[in-house]
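Participant: Next one to model:
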Amino acid sequence: MKLEVFDAIINDVTGGSSVRKAIADHGAHPMEFYRAIDANVSWCERYTRAKEASMEAMADEILALADNPVEALKTTTKADGSVETVEGDAVERTRIQIDSRKWLLSKLAPKRYGEKLDLTANVNVGDALIERLANGRQRADG
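Facilitator: Below you'll find the model as predicted:
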């Protein structure tokens, strides 16, 4: 793969384009691209940095989608067969776009974008249970 083609693909990926789209846009073959980054350590490092930048771009897209309303027409058919068209914010579409990007980010970089689960537990053991455990130990000790 020529350096110019690789550079163009990496620039597109850094800007948020998918790797497959960037490869296709520059007339390269996916296997040629992946073999090239396997064979060249510096290209592999550049690809890794580009993917990280791509995830940042995707996170920025989430904020832009949430902050900017998208006007659209929504057509619904009522039970009586009449059709109603309403103009308004395309909330459902925006929610799907945001959710799909959040899901993808959580899978690509779970430590950075995944949900943090709190696995700590505060257990209050009552006096009655403590007494029963002590009695059980005494019986077992004989």
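Participant: ok, which stretches of the protein are helices?
Facilitator: Assigned by DSSP state H, the helices in the chain fall at 3-14, 19-25, 30-39, 41-67, 91-108, 110-113, 127-141.
Participant: Which one of those helices lies nearest to Glu84?
Facilitator: When these are compared by CB to CB, helix 91-108 sits nearest Glu84, at 15.9 Å. For glycine as for every other residue, the C-beta is placed from the backbone atoms N, C-alpha and C.
Participant: sorry, back to before: ok, of the helices of the chain, where does mean pLDDT dip lowest?
Facilitator: Sorting the helices of the chain by mean pLDDT places helix 127-141 lowest, at a mean of 83.
Participant: Just checking the distance from it to the centre of its chain.
Facilitator: Put simply, helix 127-141 sits 50 Å off its chain's centre (CA atoms, centre = their mean, to the nearest Å).
Participant: Send me it as CSV with only the CA atoms.
Facilitator: Written as CSV, here are the backbone C-alpha positions of helix 127-141 (Å, rounded to 0.1, in the frame of the first residue of the first chain):
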residue,chain,number,x,y,z
ASP,A,127,-27.4,-9.0,66.6
ALA,A,128,-29.7,-11.9,66.3
LEU,A,129,-27.8,-13.4,63.4
ILE,A,130,-24.4,-12.9,65.2
GLU,A,131,-25.8,-14.7,68.3
ARG,A,132,-27.1,-17.6,66.2
LEU,A,133,-23.7,-17.9,64.5
ALA,A,134,-21.9,-18.0,67.9
ASN,A,135,-24.4,-20.6,69.2
GLY,A,136,-23.7,-22.7,66.1
ARG,A,137,-20.0,-22.5,66.6
GLN,A,138,-20.3,-23.6,70.2
ARG,A,139,-22.4,-26.6,69.2
ALA,A,140,-19.9,-27.5,66.5
ASP,A,141,-17.0,-27.2,68.9
